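*Asks:* Sequence and predicted structure, then a few things I'm wondering about:
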Amino acid sequence: RGPEPALVRAMAAHFRAEAAAWREHGGGGGASPASRRGDGCRFVQGVNVLLAPFLYVMPEVTAWHCLEALVTRHCPRYYASGLVGVHYGCTLVDRLLRRFDPELHGHLEAHGAAAVVYAFPMVMHLMTGIPPLSAALELYDALFAFGVHLGVLLVVAQVMLMREELLATPKPLAPLAQQQMQKLLLDAPVLVACAL
């Protein structure tokens, strides 16, 4: 989590920008990313997860501009209506895992663990929603150096790093559940090396 007052102010600025973009485009669907609320302002759960690391290393205004650039220029489909980009990202996670580790993919698939079920929050947050914060900052360094598309590879790498644990259980969704992932302490250098 970011510093609470700064997070609230920056998120409020994000909502105002979204509302302005919505009005500017006549309330139409071509405006910047997110799903619509009734008042015309669009909101996507979890944008604060992307904002928090920025707030730890830069002033609020700069953090807000970085968030806006991230969600409107670098991965706009992730936050478009219906989160279509996140769904595509999950499809890529499934395809890549099938290619790189068919045994693990088959085990997950046999137990109903499709990537859209377990990987959705990881893809949506570009793997930065898992503690510790220092790991999120290192992942941001890698994401901005190589491109945010690396986020999908980071998810695949994390699943592959959990391979032994996942193959050993008849309920592989349990270790991949968001609550369990929050207990995991990421090792960002290992994760990035595996993804690359």
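*Replies:* Yep, it's here. Numbers count the residues shown, from 1 in each chain.
*Asks:* other SSEs contacting the strand or helix carrying P53?
*Replies:* Assignment of secondary structure by DSSP states H and E places P53 within helix 47-57. Contacting helix 47-57 under the criterion 3 or more CB pairs under 8 Å, 6 or more residues apart in numbering; DSSP states H and E are the following elements: helix 4-24, helix 60-69, helix 133-146. C-beta: built from backbone N, CA, C; applies to glycine.
*Asks:* Comparing those by mean pLDDT, which bottoms out?
*Replies:* Taking the mean pLDDT of each of the helices and strands packed on helix 47-57, the lowest value is held by helix 4-24, a mean of 65.
*Asks:* H65 and S134: what is the separation?
*Replies:* For H65, the distance to S134 (CB to CB, to the nearest Å) stands at 23 Å.
*Asks:* My error: substitute L126 in the last question.
*Replies:* In this structure, L126 and S134 are 16 Å apart, going by CB to CB.
*Asks:* Packing partners of the strand or helix carrying R95?
*Replies:* Remark: R95 resides in helix 84-100, with elements defined by DSSP H and E. Helix 84-100 is packed against helix 102-110, helix 115-118, helix 120-124, helix 150-161, with contacts defined by 3+ CB pairs under 8 Å, 6+ apart.
*Asks:* Quick check: which of those is nearest to T169?
*Replies:* In this view, the helices and strands packed on helix 84-100 are compared for proximity to T169 by CB to CB, and helix 102-110 is the closest at 9.2 Å.
*Asks:* State the mean pLDDT of that closest one.
*Replies:* For helix 102-110, mean pLDDT is 95.
*Asks:* Now do that helix: which elements does it pack against?
*Replies:* helix 84-100, helix 150-161, helix 163-168.
*Asks:* Buried deepest among those, which one?
*Replies:* Sort the helices and strands packed on helix 102-110 by mean neighbour count, taking mean count of other CB atoms under 10 Å, and helix 150-161 sits at the top with a mean of 23.
*Asks:* and the angle from it to helix 133-146?
*Replies:* 130 degrees (axes from the mean of the first three to the mean of the last three CA atoms, to 10 degrees).
*Asks:* Show the pLDDT at the residue nearest the centre of the chain.
*Replies:* A centroid search over the chain (CA atoms, centre = their mean) returns H125, at 1.7 Å, as the residue closest to the centre. Residue-level confidence at H125 comes out at 88, pLDDT.
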